[in-house]
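# Sequence and computational prediction follow.
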Amino acid sequence: DNISEAIRYHAKTIPNKPYLISNDQVYTYAEIDKLIDATCIKFEKLGLSSGEIISVILKNSVEYVLLYLAALRMGCVINPYPYNLDAKDVIRYLEIVKPKILFCNKKHYEYVKNFAKSVVILVDSNFLDKLDGNKKYIDFKPKEKTPACIYYSSGTTGSPKSVVFSHKNMLTNISSICRGFKFNEQETHLIILPMGHTASVNYSFLPCTLLGGTLVITESFWKIKQNFWNIIKKFDITYVEVVPSILVALLHVRYDEDDYSRIKRLRFIGCGSAPLPTELQNKIYQKFGLKVANLYGLSETGPTHVDYPLDKDWIPGSIGKPLDVNQVHIMDEEGKMLEEDQIGEIIVKGENVFIGYYNNQKIYNQVVLDGFFHTGDLGYKNKYGVFYFTGRKKDLIIKGGVNISPDEIDEIIFKQDEVKEAITIGTEDEYLGEKIITYIVLKDGKKLDGEKVKDFCKKFLSKEKIPDIVQFVESLPKGPSGKILRREMKN
């Protein structure tokens, strides 16, 4: 009923097994269980009770894990944010959620300490030392739709939305992910993405907690990029979750072959939060001999598909098959279900789908119809039931009456060796409705001109899909999860 019960169970059955490793400090299941109870006592002293909201904006840390699991154990609602989210953006979301207490590090504390609607607590290096008490907590027993967490959603609209998941949503989704990706109690996952973002929570933090695996936590990939492969070897990592920009970095950091050869237990890498070019999957396999799972899901659903790259008939490029708890269909503009190989909107139904937007029933009613969540994403399925993502519905470029997916153009442009990153948008055009602009970041020391890019595209794309304008830029705007923010380029 409550994922905190898994910790309690493992503390009895495998008490001395490492659950969490952070900065080379090892915490066993028995130790972490006691620390969660002590955190619950701290919550009580702060006047918290079940049903109240706890917001957290912390670096990846033991403290983050304790606050998250103690909130579930007490029946509070945990509301995490990515640590790299700007303080101004955090406050926009806090205005909606109005938590009873906000836990944060110094980086955000100076900005949010006067946030009047909440008690703001600075989590410093002494936080663990201040935890005390030996009281055993009885794990909170949720009802079917009792909220467990409220997740921040970067979304595709300007208005902030906070996504509410029940305990049942959470357990249904995590159990299905474990089955789909064949995770087991022998897992040792490396976390390098912000834990306030759902990717690390859904693919590593909660699966390892549920199964009795081990978590190795680092603050971020960028702090350990030079030692990435050494950490993989040192801890015998079985899985790591990344975003496309990290894969690009792995290809361009100068590693010795000895660094990434003879890796024993890392079965594959998972990549999500942004569209993954097939070319990038192929390059990672060619260089490191590791297959990359193309992970698909939304803040409102969690992961919805399994792209399991160790299946013998796996080929890169798809988002795989739906999780065993999902119904997934492709729908056209008139609400008709489409057959194989026809592009339409991806819609999802299942017990993993969120129970609402916090204090915004109106938007929920617009996107959940007949129990199906309308993702706003475009895709198709083939005759084997394998799904492909082709782009965001709202990102579609309509040029001269032709619907064009910008992701299709990005995929081709990324094939050029000189290109590090690229993003394509539509902009208003008096005659055609929209014209196509592609922004490109080049690899260090590489040169390319716009005409060469257009000529390259002509080999793969029809005439109307060739970019009208190619602009070279130093960098592209990214959100907290590493996703390139296409809409920022439109502003």
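Noted; the coordinates are in hand.

# contacts and neighbour counts: CA atoms only from here.
Will do.

# what helices or strands is the host helix or strand of residue 90 leaning on?
If you go by DSSP states H and E, residue 90 is part of helix 87-97. Here helix 87-97 touches helix 106-112, strand 161-166, going by 3 or more Cα pairs under 8 Å, 6 or more residues apart in numbering; DSSP states H and E.

# And the contacts of that helix?
Helix 87-97 has contacts (Cα atoms under 8 Å, 6 or more residues apart in numbering) with 53, 81, 108, 111, 112, 115, 152, 160, 161, 162, 358, 359.

# Could you give me the buried positions within that helix?
Buried positions in helix 87-97, judged by neighbour count with 16 or more other Cα atoms under 10 Å: 87, 90, 93, 94, 97.

# Report the mean per-residue pLDDT for that helix.
Mean per-residue pLDDT for helix 87-97: 87.

# ok, which stretches of the stretch 301-450 of the chain are strands?
Under the criterion DSSP state E, counting those that start in this stretch, strands of the stretch 301-450 of the chain are mapped to 302-303, 305-306, 321-322, 326-331, 344-350, 356-357, 368-369, 372-381, 387-392, 397-399, 402-404, 419-429, 433-442.

# and these, which is most packed in?
Counting by mean count of other Cα atoms under 10 Å, strand 305-306 has the highest mean neighbour count of the strands of the stretch 301-450 of the chain, with a mean of 25.

# what does that strand contact?
177, 180, 181, 295, 296, 297, 319, 320, 321, 322, 323.

# Just give the number of residues close to the second one.
Burial of residue 180, expressed as a neighbour count using other Cα atoms under 10 Å, amounts to 17.

# one step back: deepest in the core, which of the helices and strands packed on helix 87-97 is it.
Counting by mean count of other Cα under 10 Å, strand 161-166 has the highest mean neighbour count of these, with a mean of 24.

# buried residues in the following helix or strand past it?
Counting by DSSP H and E, the next helix or strand C-terminal to strand 161-166 is helix 167-180. Judged by neighbour count (16+ other Cα under 10 Å), helix 167-180 contains these buried residues: 167-178, 180.

# Strand 161-166 and helix 167-180, what's the angle between them?
80 degrees (axes from the mean of the first three to the mean of the last three Cα atoms, to 10 degrees).

# helices or strands up against helix 167-180?
If you count contacts as 3+ Cα pairs under 8 Å, 6+ apart, helix 167-180 packs onto strand 147-153, helix 206-211, strand 302-303.

# Tell me the first helix or strand C-terminal of it.
strand 188-191.

# What's the separation between residue 216 and residue 22?
6 Å (Cα to Cα, to the nearest Å).

# tell me the contacts of the residue most central in space within the chain?
By Cα atoms, centre = their mean, the chain has its centre lying nearest to residue 199, at 2.7 Å. By Cα under 8 Å, 6+ apart, the contact set of residue 199 is 193, 241, 272, 273.

# if I look at it, how far off is residue 207?
Relative to residue 207, and taking Cα to Cα, residue 199 is found at 12 Å.

# likewise residue 313?
25 Å.

# Please apply the same query to residue 72.
15 Å.

# and the closest residue to residue 221 other than its chain neighbours, how many neighbours does it have?
Leaving aside its chain neighbours, residue 221 sits nearest to residue 192 (4.9 Å; criterion: Cα to Cα, 6 or more residues apart in numbering). By other Cα under 10 Å, 24 other residues sit near residue 192.

# Next: residue 3.
Quick note: residue 3 (other Cα under 10 Å) scores 21 neighbours.

# Which residues lie in contact with it in this structure?
69, 72, 167, 171, 206, 209, 210.

# now do residue 195
Here residue 195 is in contact with 59, 60, 82, 201 (Cα under 8 Å, 6+ apart).

# mind running it again at 7 Å?
60, 82, 201 (Cα atoms under 7 Å, 6 or more residues apart in numbering).

# Rebuild the buried residues of helix 87-97 as CSV, extending it with distance to residue 348.
Listed next are the buried residues of helix 87-97 as CSV, based on distance: Cα to Cα, whole Å:
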residue, distance to residue 348
87, 33
90, 29
93, 26
94, 28
97, 26
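
# Mind picking the one among the residues you listed that's closest to residue 432?
Nearest to residue 432 among those is residue 93, at 38.3 Å by Cα to Cα.

# Look up how far residue 113 lies from the closest one.
Residue 93 is 15 Å from residue 113, by Cα to Cα.

# Any idea how many residues pack against the residue nearest to residue 460 when sequence neighbours are not counted?
Spatially, and ignoring its direct neighbours in sequence, residue 460 is nearest to residue 412 (7.2 Å; Cα to Cα, 6+ apart). Per other Cα under 10 Å, the neighbour tally for residue 412 reads 20.

# Next: the one 3 residues further on.
Residue 415: 16 surrounding residues under other Cα under 10 Å.

# tell me the contacts of it?
residue 279.

# pLDDT value on it, please?
According to the prediction, residue 415 has pLDDT 91.

# go on, residue 327?
Reported pLDDT for residue 327: 96.

# can you pull the contacts of it?
Contacts of residue 327 by Cα under 7 Å, 6+ apart are 348, 349, 350.

# sorry, back to before: need the strands of the stretch 301-450 of the chain in TSV (columns: distance to residue 133).
Listed next are these as TSV, based on distance: least, Cα to Cα, whole Å:
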stretch	distance to residue 133
strand 302-303	35
strand 305-306	42
strand 321-322	45
strand 326-331	42
strand 344-350	40
strand 356-357	36
strand 368-369	45
strand 372-381	44
strand 387-392	50
strand 397-399	59
strand 402-404	61
strand 419-429	51
strand 433-442	54
